[in-house]
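> Just to be clear, the model below is a prediction. Sequence and coordinates:
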Amino acid sequence: MKTHALLLLGLFIISFSCNKENKNSTATVENKIDHKKTSIVGTWERTSFSNYSGDEVHSFQSSVENKHIKIFTNSKVIWCRNNAADSTEWFGFGNYKLTDTLLTETLEFGSKSMQVPKDSVSVYEFTFKLTDDTFSQIQFDSEGHPIFSENYVRVE
């Protein structure tokens with residue numbers, strides 16, 4: 001009887017260990033799956049931009065001399081651009097809002113070249129395309145034609 005009880009106890013311990021091991025294996029596999037939702041939050045570097053004129057599109061690769069960084073937090077945006085060709089400062093800071101297709105940046109202040117009115121705000125609206133590692137914003141004229149776009153890659 002003692003042997004029988006010890007055998008049952010041993011089987012129970014082995015069974016429990018196997019179940020625990022399987023659960024841990026499953027949890028480990030689940031933890032390796034990226035459940036991250038695509039988000040604009042992060043740091044982005046512009047890789048290229050395009051100017052649209054009617055049916056013509058002129059695209060340009062960004063360079064070290066014309067570096068543009070944009071940072072989004074949960075509610076704020078700040079961006080700066082370095083143009084080594086001249087001493088013009090370009091930066092802006094404010095809030096942003098995303099809908100399914102629209103990015104609205106409301107700048108509270110910015111560089112003089114941004115012409116953000118004192119004690120006021122400047123609002124910029126773009127359509128956007130977002131993946132885990134890329135982001136594009138496209139500006140349209142009043143008739144709905146694209147006039148300018150910027151393409152970014154996630155830095156962080």
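Arrived safely.

> domain ranges for the chain?
1-33, 42-154 (automatic domain parsing).

> Just say which of the ones you listed is most tucked in.
domain 42-154 (a mean of 14; mean count of other CB atoms under 10 Å). No exception for glycine: its C-beta is placed from N, CA and C like everyone else's.

> Not counting residues beside it along the chain, what's closest to the spatially most central residue of the chain?
Nearest to the mean C-alpha position of the chain, counting by CA atoms, centre = their mean, stands Ile40 at 2.7 Å. Using CB to CB, 6 or more residues apart in numbering and skipping residues adjacent in sequence, the residue nearest Ile40 is Phe72, 4.9 Å away.

> List the neighbouring strands of the longest strand seen in the chain plus their orientation.
In the chain, with assignment by DSSP state E, the single longest strand is strand 42-53. Using DSSP bridges, the strands paired with strand 42-53 are strand 56-61 (antiparallel), strand 66-72 (antiparallel), strand 146-154 (antiparallel).

> Format those as a markdown table; extra columns: mean pLDDT.
As requested, the strands paired with strand 42-53 are exported to a markdown table (pLDDT from 0 to 100):
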| stretch | mean pLDDT |
| --- | --- |
| strand 56-61 | 93 |
| strand 66-72 | 93 |
| strand 146-154 | 96 |
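
> Dump the ones you listed to TSV, plus distance to Glu105.
Below are the strands paired with strand 42-53 laid out as TSV (distance: least, CB to CB, whole Å):
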stretch	distance to Glu105
strand 56-61	22
strand 66-72	10
strand 146-154	12
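
> what's the closest of the ones you listed to Glu89?
Glu89 sits nearest to strand 66-72 of all the strands paired with strand 42-53, at 12.8 Å, using CB to CB.

> Name the strands paired with the helix or strand just after the closest one and say parallel or antiparallel.
Sequence-wise, the next helix or strand downstream of strand 66-72 (DSSP states H and E) is strand 76-83. Applying DSSP bridges, strand 76-83 is found paired with strand 66-72 (antiparallel), strand 90-98 (antiparallel).

> contact partners of the longest one?
Outside of strand 90-98, the residues within contact range by CB atoms under 8 Å, 6 or more residues apart in numbering are 40, 72, 75-81, 83, 103-111, 113-114, 116, 121-122, 128.

> where's it relative to the chain centroid, distance-wise?
Its chain's C-alpha centre and that of strand 90-98 lie 14 Å apart, by CA atoms, centre = their mean, to the nearest Å.

> and that strand, what's its mean pLDDT?
The average pLDDT for strand 90-98 rounds to 94.
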